[in-house]
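> Test case, fold it:
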Amino acid sequence: MKRRTLLAGIGGLSVGGYFVWPAIQNTPVNESGIIPYLGDAITFTGNSNTSHEFEIEHHGPTIFEVENTSADRLLVEVINRRTGSIEPLVDFTGSETIRVFRPLSTSIYRLRIRGDSSGWSISIFDFDVHQPGDRQVSSLPVDLDGRHHYAVGPIHFDPVSDVRFVMDVENGGSHRVALYDEGGIFVNDVFDFQSSGAITEEFIVRLNGVGYLSIETLSEWSLSASHR
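Numbering: from 1, shown residues only. Just a heads-up that it's a prediction; the model follows:
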């Protein structure tokens, strides 16, 4: 198993930089460090090709939880009704649940579901940054494992401290963990690397505030984040 460690110094918003997010007030924190239930969601289910519409009232972070209950292919796209833009959400085969992070602007959207899946469900969690007191936030430490794409948050990184991220992947390919602030704005990549097989990556960075992590890989993986 290969291991590589990166230590963040003091600098700008770049890999190895010093990231500080404004702390938010009056936000309930789950002190156990266990990722909480994401909250209320809009959920669509089906067993054939179809489309559904939903509305985002405030620009900000959105997590899609997509479950395929069949062994067939499931392909989902998000279409912005206002701009006409089409963004791929997931495209995978087999029984699995995947979480995908997307910062969406205020608009009406259409989910377009294609493929041969005989059973699927899609839950949409829209985090309103204008009402932070209505959501539950996880605190460190965080320990996760999964396969393929996943998203987690909001996570409270207060107080200002060095946070140690460790990621293990079991298979070769491209692996990325992206960091977003509480408004859904991309901050930087925690990890972004290629591997030919199993590898462990470690990264230490100074953080403060609330944010989200988006894991993007086709490998089996585990990820931990803790105060150093």
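> What residues sit buried inside stretch 49-64?
The neighbour-count criterion (16 or more other Cβ atoms under 10 Å) identifies 52, 54, 56, 59-64 as the buried residues of stretch 49-64. Every residue, glycine included, has its C-beta placed from N, CA and C.
> give me the element the most centrally placed residue in the chain is part of.
Centroid-nearest residue in the chain, with Cα atoms, centre = their mean: Ala151, separated by 2.3 Å. Applying DSSP states H and E as the criterion places Ala151 in strand 150-156.
> Neighbouring strands - and their directions - for that strand?
Neighbouring strands of strand 150-156 in its sheet, by DSSP bridges, are strand 137-139 (parallel), strand 210-217 (antiparallel).
> next structured bit after the lowest-mean-pLDDT helix or strand in the chain?
Using mean pLDDT, DSSP states H and E, strand 29-30 stands out as the lowest-scoring helix or strand of the chain, at a mean of 36. Next along the chain after strand 29-30, taking DSSP H and E as the criterion, comes strand 42-46.
> can you pull up the bridge partners for Phe191?
Val177.
> Please disregard the earlier target; I meant Glu65.
Arg99, Ser123.
> was I right about it contacting Ala41?
Yes: using Cβ atoms under 8 Å, Glu65 is in contact with Ala41, at 7.5 Å.
> Which of these two has more residues huddled nearby?
Between Glu65 and Ala41, Glu65 has the larger neighbour count (other Cβ atoms under 10 Å), namely 18 against 14.
> for that one, what are its contacts?
38, 41, 97-99, 122-123, 125 (Cβ atoms under 8 Å, 6 or more residues apart in numbering).
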